[in-house]
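J.: I would like to see how this sequence folds:
(chains A and B)
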Number of protein chains: 2
Amino acid sequence: MIIKCTVAYDGYNYAGWQKQENALGIQTIVEEALEKIQKSPVEIVASGRTDAHVHALGQVFHFQSEIAMQPWQYVKAMNALLPQDIRIQSAEIAPEDFHARFSCKSKQYAYIATYDVTDPFAYRYKAPLYQKLDMEKMLEAASYLIGEHDFTSFSSSRIDARKPKIKNVRLIEIRNKGKDVHFLFEGNGFLRYQVRMMTGTLIEVGKQRIQPLDVQQMLLEKNKEVCRYNAPPQGLYLMKVRY
Amino acid sequence: MIIKCTVAYDGYNYAGWQKQENALGIQTIVEEALEKIQKSPVEIVASGRTDAHVHALGQVFHFQSEIAMQPWQYVKAMNALLPQDIRIQSAEIAPEDFHARFSCKSKQYAYIATYDVTDPFAYRYKAPLYQKLDMEKMLEAASYLIGEHDFTSFSSSRIDARKPKIKNVRLIEIRNKGKDVHFLFEGNGFLRYQVRMMTGTLIEVGKQRIQPLDVQQMLLEKNKEVCRYNAPPQGLYLMKVRY
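T.: Residues are numbered from 1 along each chain as shown, chains lettered A, B, ... in the order given. Sure thing, here's the model as predicted:
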């Protein structure tokens, strides 16, 4: 049977979700825990990767269960084996055709930046802001990013050129919350680095180093060299994956 | 001149405030930064030590400045040299007779415990609670701790036997805050481990493993063997030191 799991992690200590040769990916740690439970190698498939130092509150993955275990037993057994900064939130039996990546309808990311640059707890969880951001200008710039666009300009240059670059950004919210600025992004999917590059660009607008219309121009250029802004990873949170 | 500094730190990665032989104390790191600024060795004196993994929002220390530098310049220079989990909040010129430990009038500590045991961000900052706490019983138990008492029963066995054990606990607050339980303690001073042992004992009362009156009994025994409860260090925060 297919088990669908939701996992939250403090990504600061990890080299991202993806299994990799020379660094510790969260996927590897979860697979090793499952292998101990099932006593055979298990491959898990997530909704998508998250980069090094990026956090998740609601990452989703699935795997093929080969033993008779209730989903709640998986939660308990995995949390007993996983490090404390990776916590399974829930598990359920999914339909046989469920696929954590291909069945995904939309994703929600949050980004947290802070004016409190002397907060010793922030460096792992928020990006520092040394300058007051102009909220009106950021919201105008964000409005140009909403909708279905080719987001080539807001993607990693390492990205596979053949993959489709058209994504639908359904929602961008920007709010002051105490000394922090919270960004919220929702869309049918995001290219690699897209959320961090959009955030970094919106912050540049907020600092009035570029204008809102420059963002529209960058988008229209469909050129991965035009955006040099990439907000630091520790402020990014994968909040929810919808199916 | 005497400079009085307020410092906040995420203590999770450190072996406590105190300078020590085989582990990294926060005091050492701050002294090394000041030595670079003043180009000569500096000794700093804090309001008191904090244990390994314990945090501070308002730890206070003083030192003798031997160079002509404005307090705000010290803040800037130190924060440029210190790691990001140790942040100087403020600095000011203090009267010549100011002493961070001896001039201290009262201290405030907070302790955070959480019912959210699947929060991957909690392990560094909160103690996990696997059982609902009885708030009424905890408040009754706390009432017996308020006031001037000999707190021998709630102190470390490593403590110097000749040091006075009488302390005045002026305030204990216990509040539910979302999925967390916040404890607040204020007093003219606390013995080593006293806040964590009082918290651990109150939590035992909350779990109904012991009764509120048992806490009064423990206090009256003035015996450092009677309390076996010590709440974990990562939930403890030195909030404020008053002069």
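J.: surely A:Gln191 and A:Asp150 touch.
T.: Actually, residue A:191 is Leu. It isn't Gln. No - using CB atoms under 8 Å, A:Leu191 makes no contact with A:Asp150, being 9.9 Å away. Where C-beta positions appear, they are placed from N, C-alpha and C, glycine not excepted.
J.: these two: which has the busier surroundings?
T.: A:Leu191 (20 against 16; other CB atoms under 10 Å in any protein chain shown).
J.: quick one, domains of chain A?
T.: A:2-94, A:106-242 (automatic domain parsing).
J.: turn those domains into TSV, columns for distance to chain B and mean pLDDT.
T.: Converted to TSV, those look like this (distance: least, CB to the nearest CB, whole Å; pLDDT from 0 to 100):
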stretch	distance to chain B	mean pLDDT
domain A:2-94	4	95
domain A:106-242	4	95
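J.: B:Leu129 is nearest to which of these?
T.: domain A:2-94 (14.7 Å; CB to CB).
J.: just to revisit the earlier point, and of the domains of chain A, who's closest to B:Ala231?
T.: domain A:2-94 (16.7 Å).
J.: how many neighbours does the closest residue in space to A:Gln64 that isn't next to it in sequence have?
T.: Nearest non-adjacent residue to A:Gln64, counting by CB to CB, 6 or more residues apart in numbering or on different chains: A:Ile2, 6.3 Å away. Counted with other CB under 10 Å, residues neighbouring A:Ile2 total 17.
J.: can you give me the helices for chain A?
T.: A:26-38, A:71-81, A:135-145, A:194-206, A:212-221 (DSSP state H).
J.: touching both of A:Leu191 and A:Asp150, which residues are there?
T.: A:Lys165 (CB atoms under 8 Å, 6 or more residues apart in numbering or on different chains).
J.: thinking again about what came up before, mind putting the domains of chain A into CSV with distance to B:Glu140?
T.: Shown next, in CSV, are these (distance: least, CB to CB, whole Å):
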stretch, distance to B:Glu140
domain A:2-94, 33
domain A:106-242, 33
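J.: packed most tightly, which of the helices of chain A would that be?
T.: helix A:194-206 (a mean of 25; mean count of other CB atoms under 10 Å in any protein chain shown).
J.: by contact count, what packs against the lengthiest strand in chain A?
T.: The longest strand of chain A (DSSP state E) is strand A:166-177. For strand A:166-177, the packing partners by 3 or more CB pairs under 8 Å, 6 or more residues apart in numbering or on different chains; DSSP states H and E come out as helix A:135-145, strand A:147-150, strand A:180-187, helix A:194-206.
J.: coming back round to it: of all the helices of chain A, which one is nearest A:Ala122?
T.: helix A:194-206 (15.5 Å).
J.: export that closest one to PDB, keeping only CA atoms.
T.: C-alpha atoms of helix A:194-206 as PDB (Å, rounded to 0.1, in the frame of the first residue of the first chain):
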ATOM      1  CA  GLN A 194      11.900  30.900  -7.800                       C
ATOM      2  CA  VAL A 195      10.500  31.800  -4.400                       C
ATOM      3  CA  ARG A 196      13.800  33.100  -3.000                       C
ATOM      4  CA  MET A 197      14.500  35.100  -6.200                       C
ATOM      5  CA  MET A 198      11.000  36.600  -6.200                       C
ATOM      6  CA  THR A 199      11.500  37.500  -2.500                       C
ATOM      7  CA  GLY A 200      14.900  38.900  -3.000                       C
ATOM      8  CA  THR A 201      13.600  41.000  -5.900                       C
ATOM      9  CA  LEU A 202      10.600  42.200  -3.900                       C
ATOM     10  CA  ILE A 203      13.000  43.200  -1.000                       C
ATOM     11  CA  GLU A 204      15.100  45.200  -3.500                       C
ATOM     12  CA  VAL A 205      11.900  47.000  -4.600                       C
ATOM     13  CA  GLY A 206      11.100  47.600  -0.900                       C
END
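J.: most remote residue from chain A's center?
T.: A:Ala68 (32.1 Å; CA atoms, centre = their mean).
J.: next, that residue: phi, psi?
T.: Main-chain torsions, A:Ala68, degrees, to the nearest 10: phi -80, psi 90.
J.: returning to that earlier point: give me the sheet partners of the longest strand of chain A and which way each runs.
T.: strand A:147-150 (antiparallel), strand A:180-187 (antiparallel) (DSSP bridges).
J.: could I get that strand in PDB with only the CA atoms?
T.: As requested, the backbone C-alpha atoms of strand A:166-177 are provided in PDB (Å, rounded to 0.1, in the frame of the first residue of the first chain):
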ATOM      1  CA  ILE A 166       5.400  28.500 -17.100                       C
ATOM      2  CA  LYS A 167       4.000  28.500 -13.600                       C
ATOM      3  CA  ASN A 168       0.900  30.000 -12.100                       C
ATOM      4  CA  VAL A 169       1.500  32.200  -9.000                       C
ATOM      5  CA  ARG A 170      -2.000  32.500  -7.500                       C
ATOM      6  CA  LEU A 171      -1.200  34.500  -4.400                       C
ATOM      7  CA  ILE A 172       1.400  36.700  -2.900                       C
ATOM      8  CA  GLU A 173       0.800  38.300   0.500                       C
ATOM      9  CA  ILE A 174       3.300  40.600   2.300                       C
ATOM     10  CA  ARG A 175       2.600  41.600   5.900                       C
ATOM     11  CA  ASN A 176       4.400  43.300   8.700                       C
ATOM     12  CA  LYS A 177       4.200  41.100  11.800                       C
END
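J.: on that earlier part again, closest to B:Ile174 out of the helices of chain A?
T.: Here helix A:71-81 is closest among those (CB to CB), at 27.6 Å.
J.: got the angle for that closest one vs helix A:26-38?
T.: 110 degrees (axes from the mean of the first three to the mean of the last three CA atoms, to 10 degrees).
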